[in-house]
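Engineer: The sequence isn't on hand, but the structure is:
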């Protein structure tokens with residue numbers, strides 16, 4: 001999978017603390033915490049016909065992450081939603097849009113790691129792009145990375161932070177292996193997630209997905225679990241070994257940017273019949289219909 005540049009994004013404007021700037025205009029200070037140390041939290045949002053699916057849940061996770069990092073002066077949801085809406089209006093965007101929402105600790109008075117150097121409050125960044133779901137729906141190839149997901153005593157995955165080097169290092173390995181993404185294990189050797197998405201296996205007639213011990217609490221992941229319950233599809237959350245993934249009838253990944261996408265090869269091993277499985281296809285359709293009709297209207 002390789003994301004492609006969309007010409008419609010050539011003149012987009014992005015939001016930084018009340019200012020709308022052309023994508024080519026610099027808007028962040030070199031003293032901003034996200035530049036200094038990746039000291040920021042973020043969310044990915046998707047716009048469907050003027051509404052954002054899971055907006056309340058995403059903003060709640062953003063707030064939890066910011067609180068865990070001790071941010072001061074976290075903006076309220078109404079202020080964030082207005083910034084999102086203003087950005088979308090400025091770009092005349094109404095559908096098929098992905099939004100990268102970032103909240104940094106803010107600008108420091110001088111370089112350094114000490115949060116006491118931050119005295120001006122957080123920086124809010126809204127970046128909206130025309131972007132369809134990014135994964136190839138005919139099937140993804142994963143390669144297991146040597147880089148592991150850290151445990152909570154190293155860097156708690158419940159904090160949805162901007163320090164993504166762990167994921168980037170894994171993705172470099174996947175690129176070298178000719179795969180679309182990296183499958184990542186936790187420190188015990190169980191499956192955590194991919195470098196960018198959560199994973200589900202179809203075993204028998206039900207779903208199995210790893211716990212969130214070593215990965216974020218995914219909004220799309222939880223939606224799939226909720227929809228499975230509504231549609232009477234058995235689902236279990238537990239430790240999952242790599243061997244179980246190899247032997248699964250189907251595997252798929254979930255995420256806001258890519259929705260639901262089938263995984264057909266892991267470490268060179270074909271999964272199931274090496275095509276998009278029936279339950280994966282069914283859930284992808286259910287999810288797309290649900291997301292497109294259950295969003296929070298912002299326009």
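Structural biologist: Noted; the coordinates are in hand. Quick caveat, the model's predicted, so the values are computed rather than measured.
Engineer: Need the mean per-residue confidence for stretch 188-206.
Structural biologist: Across stretch 188-206, the average pLDDT comes to 97.
Engineer: Repeat that for stretch 251-265.
Structural biologist: What stretch 251-265 shows for mean pLDDT is 95.
Engineer: Residue 29 against residue 17, yeah?
Structural biologist: No - at 10.4 Å, residue 29 does not count as touching residue 17 under the criterion of C-beta atoms under 8 Å. All C-beta atoms are positioned from the backbone trio N, CA, C, and that covers glycine.
Engineer: all helices for the protein, in order.
Structural biologist: For the chain, applying DSSP state H gives helices covering 33-37, 55-68, 77-90, 152-155, 165-176, 219-230, 242-247, 278-293.
Engineer: Tell me which stretches of the stretch 1-150 of the chain form strands.
Structural biologist: Ranges of strands within the stretch 1-150 of the chain are 13-16, 19-22, 40-48, 51-53, 97-104, 123-130, 140-144, based on DSSP state E, counting those that start in this stretch.
Engineer: Could you export the ones you listed as a markdown table, including mean pLDDT and distance to residue 162?
Structural biologist: Below are the strands of the stretch 1-150 of the chain laid out as a markdown table (pLDDT from 0 to 100; distance: least, C-beta to C-beta, whole Å):
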| stretch | mean pLDDT | distance to residue 162 |
| --- | --- | --- |
| strand 13-16 | 98 | 15 |
| strand 19-22 | 98 | 19 |
| strand 40-48 | 98 | 4 |
| strand 51-53 | 98 | 20 |
| strand 97-104 | 98 | 7 |
| strand 123-130 | 98 | 10 |
| strand 140-144 | 97 | 24 |
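Engineer: Which one, of these, ends up nearest to residue 239?
Structural biologist: Nearest to residue 239, of all those, is strand 140-144, at 16.0 Å by C-beta to C-beta.
Engineer: Which strands or helices does that closest one pack on?
Structural biologist: Contacts defined by 3 or more C-beta pairs under 8 Å, 6 or more residues apart in numbering; DSSP states H and E place strand 140-144 against helix 165-176, strand 181-185, strand 259-266.
Engineer: still on that earlier bit, the strands of the stretch 1-150 of the chain into TSV, with extra columns for mean neighbour count and distance to residue 184?
Structural biologist: As requested, the strands of the stretch 1-150 of the chain are exported to TSV (neighbours: other C-beta atoms under 10 Å; distance: least, C-beta to C-beta, whole Å):
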stretch	mean neighbour count	distance to residue 184
strand 13-16	20	30
strand 19-22	13	35
strand 40-48	23	18
strand 51-53	23	25
strand 97-104	22	21
strand 123-130	20	25
strand 140-144	22	8
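Engineer: With distance to residue 213 as added columns, please give those strands in JSON lines.
Structural biologist: JSON lines is the format used below for the strands of the stretch 1-150 of the chain (distance: least, C-beta to C-beta, whole Å):
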{"stretch": "strand 13-16", "distance to residue 213": "35"}
{"stretch": "strand 19-22", "distance to residue 213": "40"}
{"stretch": "strand 40-48", "distance to residue 213": "20"}
{"stretch": "strand 51-53", "distance to residue 213": "26"}
{"stretch": "strand 97-104", "distance to residue 213": "25"}
{"stretch": "strand 123-130", "distance to residue 213": "30"}
{"stretch": "strand 140-144", "distance to residue 213": "18"}
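Engineer: Residue 164: which of those is closest?
Structural biologist: Closest to residue 164 of the strands of the stretch 1-150 of the chain is strand 40-48 (C-beta to C-beta; 9.1 Å).
Engineer: what's the angle from the closest one to strand 123-130?
Structural biologist: 30 degrees (axes from the mean of the first three to the mean of the last three C-alpha atoms, to 10 degrees).
Engineer: Quick one: work out the angle between strand 40-48 and helix 55-68.
Structural biologist: Using the same axes, to 10 degrees, the direction of strand 40-48 lies 180 degrees away from that of helix 55-68.
Engineer: Report the distance from strand 40-48 to the chain centre.
Structural biologist: Put simply, strand 40-48 sits 7 Å off its chain's centre (C-alpha atoms, centre = their mean, to the nearest Å).
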